[in-house]
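Participant: Quick one, fold the following:
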Amino acid sequence: MFSNEAFAIYYLTGNSANWIPENYDPVKGQAEVRYKQRIGEMRSEIVEKSGALVIFNSITKHNVYAPIDELTAGLSRWMNGADGAIYHAP
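Facilitator: You can find the predicted model right below:
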């Protein structure tokens, strides 16, 4: 499972989650060079392990993550709620 709020996933479910790959490193002030590779790895893992991508609407690091359409490309929306959405492999 991947999320922009991995700690919340653990708190709510007791299951660990991975953070969505970042396209910008705010500490270094530069673009993440392996970003596209890491997005591909995230998608592959979601497909191969029947995983999910959970995007909370409370996303606070807009400048760190890619646009939602890039993050969810190739995935299907499973649920859309007031707090966010869940995507999975088609």
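
Participant: drop to CA atoms for contacts and neighbour counts, all remaining ones
Facilitator: Will do.

Participant: so what's residue 2 up against?
Facilitator: With contacts defined as Cα atoms under 8 Å, 6 or more residues apart in numbering, residue 2 is in contact with 17-20, 42, 51-54.

Participant: which residues of the chain fall in strands?
Facilitator: For the chain, the strands defined by DSSP state E cover 2-3, 18-19, 24-25, 30-31, 52-56, 76-80, 84-88.

Participant: Just give me the residue right at the centre of the protein.
Facilitator: Central residue of the chain (Cα atoms, centre = their mean): residue 20, 3.5 Å from the mean position.

Participant: In this structure, which helix is the longest?
Facilitator: Longest helix of the chain, by residue count under DSSP state H: helix 35-48.

Participant: Tell me, please, the helix or strand in the chain that averages the lowest pLDDT.
Facilitator: Counting by mean pLDDT, DSSP states H and E, the chain has its least confident helix or strand at strand 24-25, which shows a mean of 82.

Participant: Show me what that strand packs onto, helices and strands only.
Facilitator: Packing partners of strand 24-25 (3 or more Cα pairs under 8 Å, 6 or more residues apart in numbering; DSSP states H and E): strand 30-31.

Participant: and the strand it packs on, what's its mean pLDDT?
Facilitator: Strand 30-31 carries an average pLDDT of 86.

Participant: can you list contacts of that strand?
Facilitator: With Cα under 8 Å, 6+ apart as the test, strand 30-31 has contacts from 23-25.
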